[in-house]
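Asks: Here's my sequence, what's the structure:
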Amino acid sequence: MDLLADWLAVAGVRGTVGARIQASGDWGIRWNEDGDAVLYAVTSGVVWIEVEGMRPVLAGAGDVFLVTAGAPHALASAPAGMPPVCESTEPSDRPIVLGTGGPATRVLAARYRYDAGARTQVLAHVPTVVHVRSGLAGDGLADTVRLLGRELAEARPATSLVLDRLVDIILVQLLRSRLSEEDARNAPPLLRALADPVVHRALLLMHETPSRPWTAESLARAALVSRATLARRFDAVLATSPSGYLTHWRMDLAAQRLRDTSDSIESIAHDVGYSSLPAFSRAFARLRDEPPGRYRESARRDAATPSPGRRSR
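Replies: Predicted coordinates for the structure are as follows:
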């Protein structure tokens, strides 16, 4: 059982390449706000990245930069005079060429779609901006960025497929880097839970058998701690109780099944621990603001709707 893999899967996190930028001289590109998280991997050269309301940051080759809240932001050759928003461009297999002369800077832009309503998900709790400098997140991330650079430098069969897989790997490696920081208190709560042996053990138990009628006593006993210790650790790390987390996890599991399968609502309710369909429907509607059947319809309608286009200059 892998908690991080569970959270990413249930939240429906999917990465796709959004743009390949080749730039030199004076250049700039800006994106509007949307609901996706956006990642930039700098494979050569340097780039200034400015998120609206924050100071510009200089990123160099090998750096990875994640904007988690879909905030308006810009990339440019200099920190002053960030470009205005211009006409939209759809993601393409062809690179976006900016400036004049041969490309001195190459950047891969990727976007991650995910279920923003999921309560047990990582991306919603990561800081708005995460900048990991080359060499500070271990050899794995650096190796993946170098592989990205090789794929971008030479078009080969199935390059787009390779790039989409690599951006998923980069996200996991970036999240892992948050665990290795000296000050773990700055990591998102769910990632902190991975480092807390008591909370981690209890979460594994709930993930392994979410349908089990867990009580505070039975969970504490299975986790080999007292009920008071379990409650204290959950409050300190996740700011919720074990029963609160279990409810959120069950509803997120149910949402995934409603989105991605044709399983009956009755079977989904049973598999996440509810013998009463009305009780399940009430719990689901309380957290998702709509009953399960309506959620299934709206989720599938949203999945069929293209995400907003990018805007650039």
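Asks: Gln22 belongs to a strand, doesn't it?
Replies: Yes. Assigned with DSSP: H, G, I helix; E, B strand; the rest coil, Gln22 falls within a strand.
Asks: ranges for the helices of the chain?
Replies: Remark: helices assigned in the chain by DSSP state H are 3-10, 139-153, 159-179, 189-195, 197-208, 216-222, 227-238, 242-260, 265-271, 277-288, 292-303.
Asks: and the gap between the residue nearest to Phe284 when sequence neighbours are not counted and Gly117?
Replies: Excluding its sequence neighbours, the residue lying closest to Phe284 (Cβ to Cβ, 6 or more residues apart in numbering) is Pro292, at 5.1 Å. For every residue, glycine as well, the C-beta is placed using N, CA and C. With distances taken as Cβ to Cβ, to the nearest Å, Pro292 is found 13 Å from Gly117.
Asks: So for these two, which sits in the more crowded spot?
Replies: Each of Pro292 and Gly117 has its neighbours counted (other Cβ atoms under 10 Å); Pro292 has more, 22 against 17.
Asks: Determine which of the helices of the chain approaches Ala124 most closely.
Replies: With Cβ to Cβ, the closest approach to Ala124 among the helices of the chain belongs to helix 189-195: 9.6 Å.
Asks: In terms of secondary structure, what does the closest one contact?
Replies: In terms of contacts (3 or more Cβ pairs under 8 Å, 6 or more residues apart in numbering; DSSP states H and E), helix 189-195 is packed against helix 3-10, helix 159-179, helix 197-208, helix 227-238.
Asks: 6 Å instead?
Replies: helix 227-238 (3 or more Cβ pairs under 6 Å, 6 or more residues apart in numbering; DSSP states H and E).
Asks: Who are the contact partners of the spatially most central residue of the chain?
Replies: Per Cα atoms, centre = their mean, the C-alpha nearest to the average position across the chain is that of Leu123, at 3.8 Å. For Leu123, the contacting residues are Ala37, Thr68, Tyr114, by Cβ atoms under 6 Å, 6 or more residues apart in numbering.
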